[in-house]
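Peer 1: quick one, structure for this:
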Amino acid sequence: MAEIVGAYFTSHVPAIGGAIHRGAQEEPYWKPFFDGFPKVREWLAEVKPDVAVCFSNDHGLNFFLDKMPTFAVGAAEQYSNADEGWGLPIYKTMQGHAPLSWHIIEQIVEDEFDPVTCQDMLVDHALSIPFELAWPGAEEWPVRVVPIGINTVQHPLPSARRCLALGRSVHRALQSWQGAERIVIIGTGGLSHQLDGERAGFLNRDYDMFCLDNLASDPDVLTRDSIHEMVRMAGTQGVEVLNWIAARGALGPTAREIHRNYHIPISNTAAATLLLETA
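Peer 2: Numbering: from 1, shown residues only. Have a look, this model is predicted:
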């Protein structure tokens, strides 16, 4: 039977990829953020996951404003990266786990979710950068992936309650999977930030701390606010915390925090990293 070894959450700001590409990790602007990752790498080396079930949001490689699914699940044998226009290198192709993807899809459809199933799918910086942070210098990624996309871009957006329920449905699928894989859950995005409009540059440390303090112990409290209230508190792009909430649901009913890092700002974003284990 498969084992969920824990969950890794981090920001995925494209500028992080630029800092990695330039070798700027020790520069004063970047060092407080990158100092959060030795523990992540040590933990991953210890738990040795085989598969990563990843919750993120697409930034235009697969979907745009004219076609934006609320939820999308990759069911491909591999996932390539492509040029997004950020000046970043093309990252390594990720190997998929199509049988597990279909098992998850069947469970979440049974639980009355209606995902778009993608047998051909690209991955963007929302996964490539978190993988580069976790496994720097790897010749190939050490895990196969099941990517799950959540709409955090085009309104109407799914509620936090709905995203947590999606994650819990994924957890049920993982519990019933008969393989022997060791599975890590990954959630990427945010935290608070707004990149455009009158509130461009908006950050909310208090709301970020509320999310970080409650994600392990009481994720349901993060669902108490409407999506519009979450936009007000976290910023237009800060609703990427929905990815974290869904990933927390996939981890299981109880969890404990083993590592946290928080730094502001990184490219006008509150950047955070968190490790949770099942408790």
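Peer 1: next, work out how far apart N151 and G249 are.
Peer 2: Relative to G249, N151 is positioned 17 Å away (criterion: C-beta to C-beta, to the nearest Å). Yep, even glycine has a C-beta here, placed from its N, CA and C like the rest.
Peer 1: compare those two (neighbour count), which wins?
Peer 2: Residue environment comparison for N151 versus G249 gives the larger neighbour count to G249, 24 against 20, counting by other C-beta atoms under 10 Å.
Peer 1: so what's that one up against?
Peer 2: With contacts defined as C-beta atoms under 8 Å, 6 or more residues apart in numbering, the neighbours of G249 are C163, L164, A165, L166, G167, R168, S169, V170, H171, P219.
Peer 1: same deal with N57?
Peer 2: For N57, the residues meeting the contact criterion (C-beta under 8 Å, 6+ apart) are A126, G149, I150, N151, T152, V153, G189, E240, L242, N243.
Peer 1: and it, how far is that from F64?
Peer 2: Between N57 and F64 the distance, using C-beta to C-beta, works out to 13 Å.
Peer 1: just the ones in strands from the contacts of N57, please.
Peer 2: Under the assignment DSSP state E, those contribute G149, I150 to strands.
Peer 1: in helices, which of the contacts of N57 fall?
Peer 2: Those of the contacts of N57 mapping onto helices are A126, L242, N243, per DSSP state H.
Peer 1: for the last one, what are its contacts?
Peer 2: Counting by C-beta under 8 Å, 6+ apart, N243 makes contact with F55, S56, N57, I150, T152, C163, G187, T188, G189, G190.
Peer 1: find the residue closest to the third one in space, skipping its chain neighbours.
Peer 2: For N57, ignoring the flanking residues on the chain, the nearest one in space by C-beta to C-beta, 6 or more residues apart in numbering is T152 at 4.3 Å.
Peer 1: just confirm A216 is within a strand.
Peer 2: No - when classified by DSSP: H, G, I helix; E, B strand; the rest coil, A216 is found to be coil rather than part of a strand.
Peer 1: what's the distance between the residue sitting furthest away from the middle of the chain and A234?
Peer 2: For the chain, the C-alpha lying farthest from the average C-alpha position belongs to E198; by C-alpha atoms, centre = their mean, that distance is 27.0 Å. Computed as C-beta to C-beta, the E198 to A234 distance reads 16 Å.
Peer 1: L222 too?
Peer 2: If you go by C-beta to C-beta, the gap between L222 and A234 works out to 11 Å.
Peer 1: list residues touching both of those two?
Peer 2: With C-beta under 8 Å, 6+ apart as the test, L222 and A234 both reach V241.
Peer 1: who has more neighbours, these two?
Peer 2: With neighbours defined as other C-beta under 10 Å, L222 and A234 compare such that A234 has more, 27 against 21.
Peer 1: grab the nearest non-local neighbour of that one.
Peer 2: Once its chain neighbours are removed from consideration, A234 has its nearest residue in S192; the separation is 4.6 Å (C-beta to C-beta, 6+ apart).
Peer 1: how about that neighbour, what does it touch?
Peer 2: With C-beta under 8 Å, 6+ apart as the criterion, the residues that contact S192 are F202, L203, N204, R205, Y207, D208, M233, A234, G235, G238, T269, A270.
Peer 1: closest to E84 among those residues?
Peer 2: Sorting these by distance to E84 puts T269 at the head of the list, at 16.5 Å, by C-beta to C-beta.
Peer 1: and that closest one, that's in a strand?
Peer 2: No - inclusion of T269 in a strand is not indicated when three-state DSSP is applied; the result is coil.
Peer 1: which non-adjacent residue is nearest it?
Peer 2: Computed as C-beta to C-beta, 6+ apart, the closest residue to T269 that is not its neighbour in sequence is H193, at 4.0 Å.
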